[in-house]
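*Asks:* Have a look; sequence and predicted model below, questions after that.
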Amino acid sequence: MQGLERADQRNTSPFAPLLARAKREGRPDVHFGKRRHARFTLGVTLVASTRVADLEHAWPVVMVNISEEGMAVRSNRSVPRGDPLYLNDAPAANAESWVQAKVMHCTRTEEGYVIGISLRDAVTR
């Protein structure tokens with residue numbers, strides 16, 4: 001898929017292809033209407049790391065939902081609020097294919113953690 005590597009020309013976010021896929025294949029989030037931007041659920045597995053292109057410390061996360069400005073992922077690791085989180089849709093050692101986003105919250109659940117990520121200033125590294 002490599003949707004995180006290239007931005008849609010109409011939306012400068014590197015997550016635009018993933019959002020478009022979620023709109024096509026996913027379904028509106030149950031809290032549709034309570035949020036400023038509609039979120040769409042789609043269980044896509046991504047690779048996360050707290051260091052860009054660091055495959056040794058990378059781990060899988062599952063996208064819970066995505067909107068124009070944010071994303072939630074399920075993770076077995078916690079990441080502190082405010083820290084950068086690098087995401088990729090396929091393990092890759094080249095830094096250019098990783099997208100940097102910002103952790104807004106990390107909430108403990110029975111299954112691990114739900115990490116809320118801001119995509120407002122997401123950039124490809």
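*Replies:* Yep, that arrived.
*Asks:* going forward, measure contacts and count neighbours with C-alpha atoms only.
*Replies:* Fine.
*Asks:* Is the residue nearest to Asp89 when sequence neighbours are not counted bridged to anything, and to what?
*Replies:* Excluding its sequence neighbours, the residue lying closest to Asp89 (Cα to Cα, 6 or more residues apart in numbering) is Leu46, at 4.6 Å. Assessed by DSSP bridges, Leu46 has beta-bridge partners Val61.
*Asks:* gap between Leu46 and Ala20?
*Replies:* According to Cα to Cα, to the nearest Å, Leu46 and Ala20 sit 16 Å apart.
*Asks:* Test my guess that Val99 contacts Asn88.
*Replies:* Yes: between Val99 and Asn88 there is a contact at 6.4 Å, judged by Cα atoms under 8 Å.
*Asks:* pLDDT score for Met71?
*Replies:* You'll see Met71 listed with a pLDDT of 90.
*Asks:* and it, what element?
*Replies:* For Met71, the host element (DSSP states H and E) is strand 70-75.
*Asks:* ok, now Pro17?
*Replies:* Per DSSP H and E, Pro17 falls inside helix 16-25.
*Asks:* What residues of that helix count as buried?
*Replies:* Buried positions in helix 16-25, judged by neighbour count with 16 or more other Cα atoms under 10 Å: 16-20, 22-23.
*Asks:* Output the contacting helices and strands for the lowest-mean-pLDDT helix or strand in the chain.
*Replies:* In the chain, no helix or strand scores lower on mean pLDDT, DSSP states H and E than strand 27-28, which sits at a mean of 76. With contacts taken as 3 or more Cα pairs under 8 Å, 6 or more residues apart in numbering; DSSP states H and E, strand 27-28 sits against strand 40-41.
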